[in-house]
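Visitor: Okay, predicted coordinates and the sequence, questions at the end:
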Amino acid sequence: MNLISSLSDLRTKRLSLLGTVGLVPTMGYLHSGHLSLVSRAMDECEHVIVTIFVNPTQFGANEDLSKYPRDLERDLNLLSSLSSPSSAKELIVWNPSAETMYPLGYQTWVNVEALTNPLEGAMRPGHFKGVTTVVSKLFNATQPHKAYFGQKDAQQVAVIRRMTLDLNFPIEIVVCPTMREDDGLAMSSRNKYLNKDERTAATILFRSLSEAKKMYEAGERNADVLRNKMKEVLASEPLANVQYVSCADYDSLEELNMIENKSLLSMAVFIGKTRLIDNFVLG
Ligand code: AMP
C-alpha cells in the first residue's frame, strides 16, 4: 500500500500505473461499507486509488465539519488488510490537504442543476456543489477508468452519474449496495456520534423502509400510502425527528403519485443531534 499526500506525487504515481485504475472517493473514518467498495474495485481493476479527504465545501455552515471523525492511522490499517504485498496490484491512498484541493483564491465550481434541488439538496443547500466539484477534481487528478460509489448516498449517485455524462468524463460509475449492521442500520461514519439509546433508536430508519417495502411487495403502488407508512413507523420512535420522507422516481428524483418504474424510498432523520439518511430501491 502506498500513501501519497501531494498532487505531484500522485500524478507521478498515476503515470506509472499500467492497466485499469479504480477510484474510491471517501471522507475517511472507514467502515465495512467503504471497504466493500474498495474490495469490489480491487476485484475489477488492476490498481485502486482510495482518496481520503474530508471535503469542507460539501458541509453547510451549521454542519459537522469540525467534529467529523478522522483517524488516518486506523483507516490505513483497515485498508492494508485488503492489499496483498505479493500482488502486482497497487492500492494507493491519496490524502490531499485542503490547500491542495482548494488553493488560495479558489473560485471554480461544478454544479448539476435540477437533480440537486430535491431531498438532500433541499435540506443541505450547496452540499452537492461541493460534492460535484470535489469529485471532478478527484477524477481529474486520478484519471480512473471506473469510480465506485455507495447506494447509501442515492442522490449523490444520481448526481455523479449525470455530471459524468454531462462533462464527458470517460469513467464508468459503479454503484455498490448499502452495507448494514446486523440490526439493519446502514453503516455510516456518523453512527459514531450516537449514544447507546440513540443507536438503538436509529434502527427505526431501516424498519420504516422495510415496512413500506413490504407493502410495495404486496402490490401497493400508491406513493402516498408508502410515504405515510414510513412516517407512521418513524413517529413511533420518540428520539426520531424526521426531516423528509420521499418516494421518488429513481432517475429524476421527482416525487411520485403512483409507482410505475424503478423508484427510490428515501429519508433523512435526526436521531438526537445526529442526522442519518437511508434508502431502499424499489423495482
Ligand atoms: P463517505 O466517506 O461518507 O463520503 O462515503 C464514501 C463512499 O462510501 C460513498 O460513495 C458512500 O456512498 C459509500 N458508503 C458510505 N456508507 C456506505 C455503506 N453503508 N454501504 C456502502 N457504501 C457506503
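Guide: Thanks, I have the structure now.

Visitor: The stretch 1-150 of the chain against the ligand: which residues are in contact?
Guide: The stretch 1-150 of the chain comes close to the ligand at residues Thr26, Met27, Gly33, His34, Ser36, Leu37, Phe149, Gly150, as judged by Cβ under 6 Å from any ligand atom. For glycine as for every other residue, the C-beta is placed from the backbone atoms N, C-alpha and C.

Visitor: Among those, which are located in strands?
Guide: Thr26, Phe149, Gly150 (DSSP state E).

Visitor: so which helix or strand takes in Val157?
Guide: helix 154-166 (DSSP states H and E).

Visitor: Show me the residue of the stretch 101-250 of the chain that gets nearest to the ligand, please.
Guide: Nearest residue of the stretch 101-250 of the chain to the ligand: Gly150, at 2.3 Å (Cβ to the nearest ligand atom).

Visitor: on that earlier part again, want to throw the residues of the stretch 1-150 of the chain next to the ligand into CSV with neighbour count and distance to Glu237?
Guide: Putting these into CSV (neighbours: other Cβ atoms under 10 Å; distance: Cβ to Cβ, whole Å) gives the following:
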residue, neighbour count, distance to Glu237
Thr26, 23, 29
Met27, 18, 27
Gly33, 20, 23
His34, 26, 27
Ser36, 18, 28
Leu37, 25, 30
Phe149, 20, 29
Gly150, 22, 24
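
Visitor: Make CSV out of these and add pLDDT.
Guide: What follows is these, written out as CSV (pLDDT from 0 to 100):
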residue, pLDDT
Thr26, 98
Met27, 98
Gly33, 98
His34, 98
Ser36, 98
Leu37, 98
Phe149, 99
Gly150, 98
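
Visitor: that older thread, in contact with the residue of the stretch 101-250 of the chain closest to the ligand: list those residues for me.
Guide: If you count contacts by Cβ atoms under 8 Å, 6 or more residues apart in numbering, Gly150 has them with Gly33, His34, Leu37, Val157, Val175, Cys176, Pro177, Thr178, Met179.

Visitor: Quick check: the gap between the last one and Ser32.
Guide: Relative to Ser32, Met179 is positioned 5 Å away (criterion: Cβ to Cβ, to the nearest Å).

Visitor: When the two are compared, which one has more neighbours?
Guide: Counted by other Cβ atoms under 10 Å, Met179 and Ser32 do not tie: Met179 has more neighbours, with 18 against 12.

Visitor: quick one: contacts of stretch 225-233?
Guide: The contact list for stretch 225-233, computed with Cβ under 8 Å, 6+ apart, reads 204, 207-209, 211-212, 215-216, 220, 242, 245-247, 259, 265, 267.

Visitor: Which of these fall in strands?
Guide: Counting by DSSP E, these place Val242, Val245, Ser246, Cys247, Leu265, Met267 in strands.

Visitor: Could you list the domains of this protein?
Guide: In the domain annotation for the chain, the residue ranges read 2-176, 189-282 (automatic domain parsing).

Visitor: so how far is the lengthiest helix in the chain off the chain centroid?
Guide: Ranked by residue count, the top helix of the chain under DSSP state H comes out as helix 127-142. Here helix 127-142 shows a centroid-to-chain-centroid distance of 13 Å under the convention Cα atoms, centre = their mean, to the nearest Å.
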